[in-house]
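Chemist: sequence unknown, structure follows:
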């Protein structure tokens with residue numbers, strides 16, 4: 001438990017940041033004033049991050065901030081200026097101070113104390129219920145039989161905060177089915193930021209008014225390209241529901257992004273620049289791209305992208321984030337951005353998942369567990385054999401275009417599940433680890449030479465933050481060749 005002195009220090013620091021944010025938000029259109037604030041934030045962050053904030057790294061960030069033409073700082077200013085002021089303040093306070101600064105410092109201490117992964121965010125499912133049945137989606141077949149109670153969700157957040165976790169994502173099912181309890185949770189834990197993956201269909205004017213009042217909820221709306229490509233998988237009328245939700249969020253000054261599952265059928269549509277500019281014009285500011293995963297007995301493996309398609313999306317997303325593009329939208333690729341976060345982030349290294357039955361799963365895409373929130377604390381789940389296997393095994397591949405122990409390294413998931421005795425948690429119908437991994441074997445074999453060629457043709461900087469075991473930090477060559485098959489060595493890390 002956090003000490004009384006520690007809680008008082010946190011409250012004082014939070015209040016100081018609150019005053020600073022008020023001043024910052026008043027500088028609408030004042031580029032010079034904003035720049036001064038960012039520089040102060042860098043100074044404050046360096047005190048929290050300690051050794052990680054090297055003079056070289058800080059100087060590089062300062063240079064970017066002081067550049068009046070810097071694309072991404074101008075982008076951030078634009079997002080803030082178009083957000084509701086109260087909503088912007090709470091979001092900046094909870095993300096900027098509570099999660100990034102105070103939370104990160106606490107998490108690092110917790111990792112040393114408990115000798116296990118401690119996540120920066122926790123993803124949980126308020127319910128398995130969903131009002132849609134998208135083709136190939138495991139959760140659309142679960143039905144409304146599983147729910148986390150308000151007390152369950154409150155326990156997750158309360159215990160997570162003690163460890164330093166102040167960011168919580170919600171999926172399902174459709175989390176908005178539990179809107180009343182989510183409102184209550186966000187109000188009680190007003191120092192946390194909550195983000196919801198939503199299908200948009202339950203977003204109304206009243207919901208938007210509550211979101212602005214609370215200030216600590218952000219949305220990722222599911223959409224997959226054109227009306228034709230979207231509704232072909234998600235059902236007729238869904239595209240129109242997303243458009244309506246986007247218009248409401250823009251009207252109320254609510255920051256939102258998109259959640260895009262790319263498949264072999266829609267990958268051209270969802271990466272088309274015209275599509276991304278269109279959703280940016282509707283108010284979407286960022287987007288998570290997720291590779292289709294063949295999970296569950298109703299999975300459709302033919303929806304998995306081909307190696308050529310996956311290479312194409314890597315090239316496109318990195319172009320959109322480069323200085324060569326002026327796209328007013330920040331795309332992130334959950335599968336292909338492993339290099340920038342040190343590989344697989346699951347198993348509590350950066351995040352983990354709790355399903356609607358309370359089972360702790362290493363990843364939202366890995367439906368196996370050996371512990372449950374109903375009979376264990378959050379830290380006890382993170383110390384379970386399955387999660388410790390993740391902790392000891394990461395990175396699962398030093399070619400971080402092949403980060404996943406299921407999709408690209410299925411032999412590793414087989415091994416971890418069997419050795420830890422984890423059980424299947426797929427709520428539609430039981431799926432063995434062998435059945436799941438068999439759907440990935442051919443994909444992994446075909447992707448490997450393509451991924452290795454891309455990796456070997458590039459130079460790679462070791463991520464500033466890796467959070468591997470101490471042995472791997474001190475001897476990176478162990479991680480580089482631990483699962484080596486002769487092809488996953490690093491060409492150049494500097």
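Modeler: Arrived safely, thanks for sending. Values in this document were obtained by computation on a predicted structure and should not be read as measured data. Numbers count the residues shown, from 1 in each chain.
Chemist: which residues sit in contact with residue 182?
Modeler: 126, 170, 175-176, 194, 196, 217 (CB atoms under 8 Å, 6 or more residues apart in numbering). Every C-beta, even on glycine, is put in place using the N, C-alpha and C of the backbone.
Chemist: output the longest helix belonging to the chain.
Modeler: Across the chain, the longest stretch assigned as helix under DSSP state H is helix 433-456.
Chemist: buried sites along that helix?
Modeler: 433, 436-437, 439-440, 443-444, 447-448, 450-452, 454-455 (16 or more other CB atoms under 10 Å).
Chemist: just stretch 10-27 next, same as before
Modeler: Neighbour count says stretch 10-27 has 10, 13-14, 17, 20-21, 24-25, 27 buried, by 16+ other CB under 10 Å.
Chemist: list of residues touching it?
Modeler: Against stretch 10-27 from outside (CB under 8 Å, 6+ apart): 2, 33-34, 37, 40, 80, 85, 88-89, 92-93, 96-98, 101-102, 191.
Chemist: residue 34 belongs to a helix?
Modeler: Yes: counting by DSSP: H, G, I helix; E, B strand; the rest coil, one finds residue 34 located in a helix.
Chemist: okay, it and residue 342: tell me how far apart.
Modeler: Noted for residue 34: a distance of 31 Å to residue 342, by CB to CB, to the nearest Å.
Chemist: residue 34 - nearest residue in space that isn't next to it in sequence?
Modeler: residue 27 (5.3 Å; CB to CB, 6 or more residues apart in numbering).
Chemist: pLDDT score assigned to the one you found?
Modeler: Per-residue confidence (pLDDT) for residue 27: 79.
Chemist: same question, residue 32
Modeler: 78.
Chemist: same deal with the one 10 residues further on?
Modeler: Confidence per residue is given as pLDDT, and for residue 42 that number is 79.
Chemist: residue 427 now?
Modeler: Here, the pLDDT recorded for residue 427 equals 71.
Chemist: backbone phi and psi for it, please?
Modeler: Backbone torsions for residue 427, taken as degrees, to the nearest 10, come to phi -80, psi -10.
Chemist: same deal with residue 189?
Modeler: Dihedral angles for residue 189 - degrees, to the nearest 10 - are phi -110, psi 70.
Chemist: separation between the residue nearest to it when sequence neighbours are not counted and residue 423?
Modeler: For residue 189, ignoring the flanking residues on the chain, the nearest one in space by CB to CB, 6+ apart is residue 157 at 5.1 Å. Using CB to CB, residue 157 is found at 26 Å from residue 423.
Chemist: between these two, who's got more neighbours?
Modeler: residue 157 (22 against 14; other CB atoms under 10 Å).
Chemist: can you spell out the domain ranges of the chain, please?
Modeler: As given by automatic domain parsing, the domain ranges for the chain are 4-103, 116-494.
Chemist: now those as JSON lines including distance to residue 110?
Modeler: As requested, those are exported to JSON lines (distance: least, CB to CB, whole Å):
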{"stretch": "domain 4-103", "distance to residue 110": "10"}
{"stretch": "domain 116-494", "distance to residue 110": "4"}
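Chemist: can you give me the strands for the stretch 51-200 of the chain?
Modeler: Listed in chain order, the strands of the stretch 51-200 of the chain (DSSP state E, counting those that start in this stretch) span 121-124, 167-170, 193-198.
Chemist: out of these, the one nearest residue 111 is which?
Modeler: Nearest of these to residue 111, taken as CB to CB: strand 121-124 at 14.9 Å.
Chemist: paired strands for that closest one, with orientation please.
Modeler: Strand 121-124 sits in its sheet next to strand 167-170 (parallel), strand 351-354 (parallel), going by DSSP bridges.
Chemist: now the ones you listed in JSON lines, with mean pLDDT?
Modeler: Conversion of the strands paired with strand 121-124 to JSON lines gives the following (pLDDT from 0 to 100):
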{"stretch": "strand 167-170", "mean pLDDT": "98"}
{"stretch": "strand 351-354", "mean pLDDT": "98"}
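Chemist: adding distance to residue 360 and mean neighbour count, write those strands out as JSON lines.
Modeler: Rendered in JSON lines, the data for the strands paired with strand 121-124 read as follows (distance: least, CB to CB, whole Å; neighbours: other CB atoms under 10 Å):
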{"stretch": "strand 167-170", "distance to residue 360": "14", "mean neighbour count": "23"}
{"stretch": "strand 351-354", "distance to residue 360": "6", "mean neighbour count": "24"}
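Chemist: so how far is stretch 271-279 from its chain's centroid?
Modeler: 21 Å (CA atoms, centre = their mean, to the nearest Å).
Chemist: show me what counts as buried in that stretch.
Modeler: Buried, per 16+ other CB under 10 Å, within stretch 271-279: 271, 275-276, 279.
Chemist: rewinding a little: and of the contacts of residue 182, the nearest to residue 235?
Modeler: Using CB to CB, the contacts of residue 182 come closest to residue 235 at residue 176, 16.4 Å.
Chemist: that closest one reaches residue 210, doesn't it?
Modeler: No: using CB atoms under 8 Å, residue 176 is not in contact with residue 210, being 11.5 Å away.
Chemist: those two - which one has more neighbours?
Modeler: residue 176 (23 against 16).
Chemist: please name the nearest non-neighbouring residue to the more buried one.
Modeler: residue 202 is the one closest to residue 176 (CB to CB, 6+ apart), at 3.9 Å.
Chemist: per-residue pLDDT, residue 471?
Modeler: Residue 471 carries a pLDDT value of 51.
Chemist: for the one 10 residues further on, same thing?
Modeler: If you check residue 481, the pLDDT there is 33.
Chemist: show me where pLDDT drops low in the stretch 101-250 of the chain?
Modeler: 131-144, 231, 233 (pLDDT under 70).
Chemist: also the stretch 351-494 of the chain?
Modeler: 461-466, 470-494.
Chemist: what residues does stretch 419-431 touch?
Modeler: With CB under 8 Å, 6+ apart as the criterion, stretch 419-431 contacts 128, 138, 141-142, 145-146, 295-298, 355-357, 359, 361, 367-370, 384-386, 389, 416, 432-433.
Chemist: narrow these to those that are buried.
Modeler: Buried, going by 16+ other CB under 10 Å: 128, 138, 141-142, 146, 295-296, 355-357, 359, 361, 367-370, 384, 386, 389, 416, 433, out of the contacts of stretch 419-431.
Chemist: which of those fall within helices?
Modeler: Using DSSP H, the buried ones among the contacts of stretch 419-431 in helices are 386, 389, 416, 433.
Chemist: show me what contacts the third one?
Modeler: Applying CB under 8 Å, 6+ apart, we find residue 416 in contact with 386, 389-390, 393, 405, 422.
Chemist: rebuild the residues you listed as TSV, extending it with distance to residue 376.
Modeler: Below are the contacts of residue 416 laid out as TSV (distance: CB to CB, whole Å):
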residue	distance to residue 376
386	12
389	17
390	16
393	21
405	23
422	14
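Chemist: now for those residues, which pair is the farthest apart?
Modeler: 393 and 422 (13.5 Å).
Chemist: ok, the two, which is more surrounded?
Modeler: Comparing residue 393 with residue 422 by other CB under 10 Å, the one with more neighbours is residue 422, at 25 against 21.
Chemist: quick one: the more buried one from residue 385, how far?
Modeler: For residue 422, the distance to residue 385 - CB to CB - is 8 Å.
Chemist: which neighbours do these two share?
Modeler: Common neighbours of residue 422 and residue 385, using CB under 8 Å, 6+ apart, are residue 370.
Chemist: coming back round to it: which of the buried residues of stretch 271-279 lies closest to residue 254?
Modeler: After measuring the buried residues of stretch 271-279 against residue 254 - CB to CB - the closest member comes out as residue 279, at 14.9 Å.
Chemist: regarding the closest one, which helix or strand does it belong to?
Modeler: helix 273-281 (DSSP states H and E).
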